[in-house]
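> Whatever this is, show me its structure:
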Amino acid sequence: MNAPDLLRQMLAAAIKAAQPEHCIPPHLPATGSGRLIVIGAGKASAAMAQAVERHWPGPLSGLVVTRYGYAVPCERIEIVEAAHPVPDAAGLEAARRIKALVGGLSADDTVLCLISGGGSALLSLPLEGVSAEDKQAINRALLKSGATISEMNCVRRHLSAIKGGRLAAACHPARVVNLLISDVPGDNPMDIASGPTVADPTTCADALAIVRRYAIELPEGARGVLESGAGETIKPGDARLARVETRMIATPRMALEAAAAVAREAGIKPYILGDAIEGEARDVGKVMAGIAREVALHGQPFEAPCVLLSGGETTVTVRGNGRGGRNVEFLLALGIALEGTPGVNALAADTDGVDGQEEIAGACLVPDSLQRAWSLGINPRNSLDDNDGHGFFGALGDAVVTGPTLTNVNDFRAVIIGAAE
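The predicted model follows:
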């Protein structure tokens with residue numbers, strides 16, 4: 001098997017490992033005397049809802065919101081589609097309905113909350129004083145700023161009427177069982193979809209510091225909410241969250257382990273470098289290139305053939321006219337730094353099938369990628385300066401398109417050194 005084919009097989013295994021149909025059943029709560037209400041948000045939430053319906057033995061009802069194109073058929077749980085990564089009116093209305101759905105429950109009732117990556121944009125309900133247009137503008141600014149996902153979600157939580165534990169508080173006194181598919185470095189529940197059903201120790205002051213750090217211009221209403229403290233979230237120890245249980249059902253680590261198993265079967269030794277790598281995508285690409293060159297040229301710190309696996313969520317500070325995309329930016333920087341080093345092939349993709357705002361998961365890099373680009377009149381460094389990784393790999397025919405994967409465990413990066421090409 002050649003290296004590019006093996007890379008695609010490893011990505012497929014990583015995505016399969018995080019499919020809700022496999023992950024949901026072992027974590028369903030025991031049946032109780034009251035009602036089961038299913039709510040949720042995220043790119044995987046519809047597939048999660050379908051898995052719940054298939055495996056729950058009793059009656060249930062509910063509503064979840066997912067990204068356009070990510071709906072799957074459900075009989076008893078309503079599926080609503082909305083925009084991502086910038087929220088729209090459909091997501092706003094779904095958030096209102098979900099919050100209303102859990103009002104007035106009893107202590108005998110159970111709320112099953114299905115949360116996955118993408119929920120921050122899909123479950124958008126601004127606080128009083130913040131308009132929907134304000135939230136859209138702030139989201140766009142955050143996405144271009146270079147802020148980490150944790151920083152972005154801190155700001156989002158403090159401008160939301162549903163995130164930062166507020167949805168869990170609305171469920172009180174019912175029992176709340178959170179089933180989470182993690183798409184964030186460190187798997188911190190408060191950063192997955194901005195933590196609508198978990199406590200939040202961060203503050204409005206923290207959110208303001210992030211806004212200042214990245215020079216983000218806030219609309220007057222949003223600034224007032226943060227400066228006045230009106231945006232404070234539900235804190236640890238709040239009595240309304242006493243009956244909340246959180247279960248992590250799929251993580252980036254699980255996806256990397258599945259990819260590693262595929263590599264072993266192919267006779268390639270895998271090394272997982274980390275599932276929570278952050279930083280500017282182009283900088284991470286340069287570092288990974290340095291390691292790959294050392295392996296290829298000197299057999300250190302690992303002997304070839306091997307594959308270097310990593311996950312996490314890098315960032316792109318968009319300064320050019322390109323479309324961004326952290327995985328293609330990582331790959332382009334990796335390729336430039338490798339300078340065509342023989343025997344090094346790489347793939348980077350988002351496990352949800354969407355890199356940045358493009359319906360493209362990522363791309364493949366092979367030793368002659370830069371040479372082929374030059375032959376087409378494309379200057380790789382100019383493409384990187386313009387944040388145009390998608391344009392670069394699209395022109396080469398090396399984009400990776402998966403379509404909606406119905407899950408999301410963050411970025412997948414694999415660098416094979418010394419295998420057959």
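
> can you give me the strands in this protein?
Listed in chain order, the strands of the chain (DSSP state E) span 36-41, 61-67, 77-82, 110-115, 175-181, 244-250, 269-277, 306-312, 344-350, 362-365, 399-400, 411-417.

> Could you tell me which other helices and strands the fourth one packs against?
Okay, so that is strand 110-115. strand 36-41, helix 45-55, helix 166-171, strand 175-181 (3 or more Cβ pairs under 8 Å, 6 or more residues apart in numbering; DSSP states H and E). Where you see a C-beta, it was placed from the backbone N, CA and C, and this is true even at glycine.

> now with 6 Å?
Helices and strands touching strand 110-115, by 3 or more Cβ pairs under 6 Å, 6 or more residues apart in numbering; DSSP states H and E, are strand 36-41, strand 175-181.

> what's the pLDDT at Pro185?
Per-residue confidence (pLDDT) for Pro185: 88.

> Compute the number of surrounding residues for it.
The number of residues packed near Pro185 is 22, by other Cβ atoms under 10 Å.

> ok, back up a step: closest to Arg156 out of the strands of the chain?
Ranking these by proximity to Arg156 (Cβ to Cβ) places strand 36-41 first, at 12.5 Å.

> between the helices and strands packed on strand 110-115, which one is nearest to Ala12?
strand 175-181 (17.4 Å).

> In JSON lines: the helices and strands packed on strand 110-115, plus mean neighbour count.
Converted to JSON lines, the helices and strands packed on strand 110-115 look like this (neighbours: other Cβ atoms under 10 Å):
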{"stretch": "strand 36-41", "mean neighbour count": "28"}
{"stretch": "strand 175-181", "mean neighbour count": "26"}
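
> To Met1, which of those strands lies closest?
Closest approach to Met1 among the helices and strands packed on strand 110-115 (Cβ to Cβ): strand 175-181, 29.5 Å.

> which strands and helices sit next to the closest one?
Contacts defined by 3+ Cβ pairs under 6 Å, 6+ apart place strand 175-181 against strand 110-115, strand 244-250.

> any weak-confidence spans in the stretch 101-250 of the chain?
The stretch 101-250 of the chain contains no residues with pLDDT under 70.

> mind redoing it with 90?
Residues of the stretch 101-250 of the chain that meet the criterion pLDDT under 90 lie in 143-144, 146, 185-186.

> ok, back up a step: would you list the helices and strands packed on strand 110-115 in CSV and tack on distance to Ile277?
Formatted as CSV, these follow (distance: least, Cβ to Cβ, whole Å):
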stretch, distance to Ile277
strand 36-41, 26
strand 175-181, 19
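
> Leu273 is nearest to which of those?
Leu273 lies closest to strand 175-181 among the helices and strands packed on strand 110-115, at 22.0 Å (Cβ to Cβ).

> ok, and which of the helices and strands packed on strand 175-181 has the densest surroundings?
Among the helices and strands packed on strand 175-181, the stretch with the highest mean neighbour count (mean count of other Cβ atoms under 10 Å) is strand 110-115, at a mean of 27.

> That strand vs strand 61-67, what angle?
10 degrees (axes from the mean of the first three to the mean of the last three Cα atoms, to 10 degrees).

> List the contacts of strand 110-115.
Taking contacts as Cβ atoms under 6 Å, 6 or more residues apart in numbering, the residues outside strand 110-115 that touch it are 32, 36-40, 42, 45, 48, 64, 102, 171, 174-180, 192-193, 197.

> one more time with 8 Å, if that's ok
Contact with strand 110-115 is made by 28-29, 32, 34-42, 44-45, 48-49, 52, 60, 62, 64, 102, 105, 167-168, 171, 174-181, 192-193, 196-197, as judged by Cβ atoms under 8 Å, 6 or more residues apart in numbering.

> cool, and stretch 86-93?
Outside stretch 86-93, the residues that reach it (Cβ under 8 Å, 6+ apart) are 65, 80-83, 121-126, 132, 135-136, 139-140, 143.

> Quick one, which of these are buried?
65, 80-83, 121-126, 135-136, 139, 143 (16 or more other Cβ atoms under 10 Å).

> which one of these sits closest to Pro73?
Using Cβ to Cβ, Glu81 comes nearest to Pro73 of those, at 13.0 Å.

> and the gap between the nearest residue to the closest one once chain neighbours are set aside and Arg96?
Of all residues not flanking Glu81 in the chain, Tyr68 sits nearest, at 4.7 Å (Cβ to Cβ, 6 or more residues apart in numbering). With distances taken as Cβ to Cβ, to the nearest Å, Tyr68 is found 19 Å from Arg96.

> can you check Gly377 too?
The gap separating Gly377 from Arg96 is 51 Å, by Cβ to Cβ.

> who's more crowded, these two?
Shown here are Gly377 and Arg96; by other Cβ under 10 Å, Arg96 has more neighbours (14 against 7).

> so who does the closest residue to the more buried one other than its chain neighbours touch?
Using Cβ to Cβ, 6+ apart and skipping the chain neighbours, the partner closest in space to Arg96 is Leu125 (6.2 Å). By Cβ under 8 Å, 6+ apart, the contact list for Leu125 reads Leu92, Ala95, Arg96, Lys99, Ser160, Ala161, Ile162.

> Distance check, the second one against Gly285.
Looking back up the chat, that one is Ala95. Taking Cβ to Cβ as the measure, Ala95 falls 36 Å from Gly285.

> Looking at these two, which one has more neighbours?
Neighbour comparison, Ala95 and Gly285: the larger count goes to Gly285, with 30 against 27 (by other Cβ under 10 Å).

> Quick check: that one touching Val328?
No. Counting by Cβ atoms under 8 Å, Gly285 sits too far from Val328 to count as a contact (10.2 Å).

> how does the protein divide into domains?
Domains of the chain are assigned by automatic domain parsing as 3-12+253-417, 20-125+160-199+234-250.

> which residues pair with Pro270 across the strands?
Counting by DSSP bridges, Pro270 is bridged to Val307.

> Check the one 10 residues further on too.
Legend: beta-bridge partners of Glu280 under DSSP bridges are Thr315.

> what's the spacing between stretch 80-89 and its chain's center?
Computed by Cα atoms, centre = their mean, to the nearest Å, the chain-centroid distance of stretch 80-89 equals 15 Å.

> Distance to Leu308 added to the contacts of Leu125, as CSV?
As requested, these are arranged in CSV below (distance: Cβ to Cβ, whole Å):
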residue, distance to Leu308
Leu92, 42
Ala95, 40
Arg96, 45
Lys99, 44
Ser160, 38
Ala161, 43
Ile162, 39
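
> TSV please, covering the domains of the chain and showing distance to Ser228.
Rendered in TSV, the data for the domains of the chain read as follows (distance: least, Cβ to Cβ, whole Å):
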stretch	distance to Ser228
domain 3-12+253-417	29
domain 20-125+160-199+234-250	15
